[in-house]
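Trainee: coordinates only, no sequence provided:
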C-alpha cells in the first residue's frame with residue numbers, strides 16, 4: 001500500500017513537471033481583448049502554474065486605445081517562486097522596476113496593477129537550470145474605456161476648468177479628457193470641502209496625450225510633486241471613480257508670472273477663501289469656479305487689514321480680464337451672476353465664504 005502511494009506521488013510530480021516543460025511564451029492576442037474578457041497566463045484558471053527549469057519569458061501586457069475608445073486592464077500577478085535563483089521582474093506603467101523572488105510573496109500573494117487605456121507593463125519570468133517547483137500566474141481582465149474629448153485651451157479672459165467626473169459614461173470603467181494649448185499647461189485641483197478624489201490610487205494625469213505620453217503619474221503623485229506643470233502643451237486626465245474631480249488650468253505665461261494661483265470650488269455649502277499677502281512682489285490669486293453652472297454667492301466677507309488692495313476680475317489673471325469690483329466695496333451677501341472670477345490680493349488680509357447661488 002505504501003509502495004502504491006509512493007508511485008502515485010511520483011506520478012503526480014512527473015505529470016506536473018511534464019506540464020511545466022510544455023509551457024510556452026504565448027502573448028495576449030488582439031482577438032482576446034474585449035470588454036469583460038479574462039485571460040489566464042500561462043493558462044489554467046488563475047491559480048499558480050508550475051514553471052520548468054530554464055524558462056525565460058517576457059510578457060508584455062497592453063491596454064490599447066485609439067482616439068475614441070480603448071480598454072483598461074486589471075492585472076493580478078501571483079508569485080509562487082521557490083528557487084533561490086528564480087526571479088520575476090516587473091516594469092509598471094510608469095517604468096518603475098520591481099523584483100520578486102522566493103522571499104517576496106511566497107505562496108501566491110496577489111500583486112494587483114491597473115493599466116489605464118493607452119498604457120502597458122511587462123512581467124519577465126526567469127528560472128535557472130534546476131527545477132525547483134517554482135510557480136506563478138497572471139490574470140488580466142479588460143474593461144471598456146471612453147476616450148476623449150480633446151479640448152483646446154481657451155485664451156484671453158476665459159477660464160479653463162472641468163469636473164472630469166462629468167465625462168464618465170455608464171458601461172465604461174475609465175473616462176479621459178485631454179486639453180491642448182499653445183504653451184505648457186499648469187493645473188491644480190480646486191479646493192473643496194471633501195477632497196475624496198485626491199485619494200484615488202488609479203486616477204491618472206498624463207503630461208501629453210494618450211497617443212503621445214511624455215510622462216504619466218497617479219493623481220496623488222502629481223499633487224505631491226507640485227507645481228503641477230507639464231513639459232508638453234497637452235494634459236490628459238483619467239478617472240475611474242464617481243467622485244468630484246474639479247480641475248482648473250492656466251497656461252505657463254499666467255502661472256509663471258507674479259500671480260500665485262490657487263483654485264477654489266464654489267459648492268452647495270459655503271467654503272472659505274482668503275489670506276494675508278505675505279510675499280512682496282507677488283499677488284496671491286484665488287480663481288473661484290462654480291463647476292455646476294453660473295451663479296456664485298459671497299455669503300460673508302471679513303477684512304482684517306486697515307487697508308485692502310484686492311480686486312475681483314472677470315477671469316484668469318491676464319490682460320483680457322476686466323475689473324468687476326474692488327473687494328473692499330462688497331457688502332455681503334453679494335451675488336456674482338458668473339460661473340467664475342478671480343480675486344487678486346495685492347495687499348489685503350481678508351476671509352470670505354462662497355457658495356453656489358441657486359434661485360429659491
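Mentor: In hand now; what should we look at? Just so we're clear, the structure is a prediction, and the values are computed from it rather than from any experiment.

Trainee: low-confidence ranges, the stretch 251-360 of the chain, go.
Mentor: Applying pLDDT under 70 to the stretch 251-360 of the chain picks out residues 360.

Trainee: those strands in it, which residues are they?
Mentor: Along the stretch 251-360 of the chain, the stretches classed as strands by DSSP state E, counting those that start in this stretch are 259-265, 271-273, 283-289, 296-303, 309-313, 323-326, 334-336, 340-347, 350-356.

Trainee: in its sheet, what does the third one sit against?
Mentor: Here strand 283-289 has these sheet partners by DSSP bridges: strand 259-265 (parallel), strand 340-347 (antiparallel).

Trainee: and the second one, by the same measure?
Mentor: Each strand pairing with strand 271-273, determined using DSSP bridges, is listed with its direction: strand 350-356 (antiparallel).

Trainee: tilt between the partner strand and strand 309-313?
Mentor: 20 degrees (axes from the mean of the first three to the mean of the last three Cα atoms, to 10 degrees).

Trainee: now do the same end-to-end measure for stretch 169-187.
Mentor: In stretch 169-187, first residue to last residue: 24 Å (Cα to Cα, to the nearest Å).

Trainee: out of the strands of the stretch 251-360 of the chain, which is the most enclosed?
Mentor: strand 283-289 (a mean of 23; mean count of other Cβ atoms under 10 Å). C-beta coordinates here come from the backbone N, C-alpha and C atoms, glycine included.

Trainee: compare the strands paired with strand 283-289 and give me the one nearest residue 158.
Mentor: Proximity to residue 158 (Cβ to Cβ) singles out strand 340-347 among the strands paired with strand 283-289, at 8.8 Å.

Trainee: tabulate the strands paired with strand 283-289 (a markdown table), appending distance to residue 333.
Mentor: What follows is the strands paired with strand 283-289, written out as a markdown table (distance: least, Cβ to Cβ, whole Å):
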| stretch | distance to residue 333 |
| --- | --- |
| strand 259-265 | 17 |
| strand 340-347 | 16 |
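
Trainee: what pLDDT, on average, does stretch 208-226 get?
Mentor: In this model, stretch 208-226 has an average pLDDT of 86.

Trainee: what residues does it touch?
Mentor: Outside of stretch 208-226, the residues within contact range by Cβ atoms under 8 Å, 6 or more residues apart in numbering are 65-67, 70, 93-94, 117-119, 147, 150, 176, 178, 180, 189, 197-207, 228, 230-232, 234-236.

Trainee: give me the neighbour count for residue 248.
Mentor: 25 (other Cβ atoms under 10 Å).

Trainee: circling back to that earlier point, Serialize the strands of the stretch 251-360 of the chain to CSV and add fields for distance to residue 74.
Mentor: Formatted as CSV, those follow (distance: least, Cβ to Cβ, whole Å):
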stretch, distance to residue 74
strand 259-265, 31
strand 271-273, 36
strand 283-289, 34
strand 296-303, 40
strand 309-313, 46
strand 323-326, 48
strand 334-336, 44
strand 340-347, 37
strand 350-356, 37
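
Trainee: out of these, which gets nearest to residue 75?
Mentor: Closest among the strands of the stretch 251-360 of the chain, using Cβ to Cβ: strand 259-265, at 34.2 Å.

Trainee: give me the phi and psi for the residue positioned nearest the centre of the chain.
Mentor: Using Cα atoms, centre = their mean, the residue of the chain that lies closest to the mean C-alpha position is residue 204, 1.5 Å off. Reported as degrees, to the nearest 10, the phi and psi values for residue 204 are phi -130, psi 160.

Trainee: does it touch residue 238 like I think?
Mentor: Yes. Assessed by Cβ atoms under 8 Å, residue 204 is found in contact with residue 238 at 4.3 Å.

Trainee: between those two, which contacts overlap?
Mentor: residue 116.

Trainee: can you give me the helices for the stretch 1-150 of the chain?
Mentor: Secondary structure of the stretch 1-150 of the chain by DSSP state H, counting those that start in this stretch: the helices cover 2-21.

Trainee: and the strands in it, which stretches?
Mentor: Applying DSSP E, counting those that start in this stretch to the stretch 1-150 of the chain gives strands spanning 38-41, 49-50, 56-63, 69-80, 87-91, 97-100, 109-115, 119-126, 135-146, 150-152.

Trainee: comparing these by mean pLDDT, which bottoms out?
Mentor: strand 109-115 (a mean of 91).
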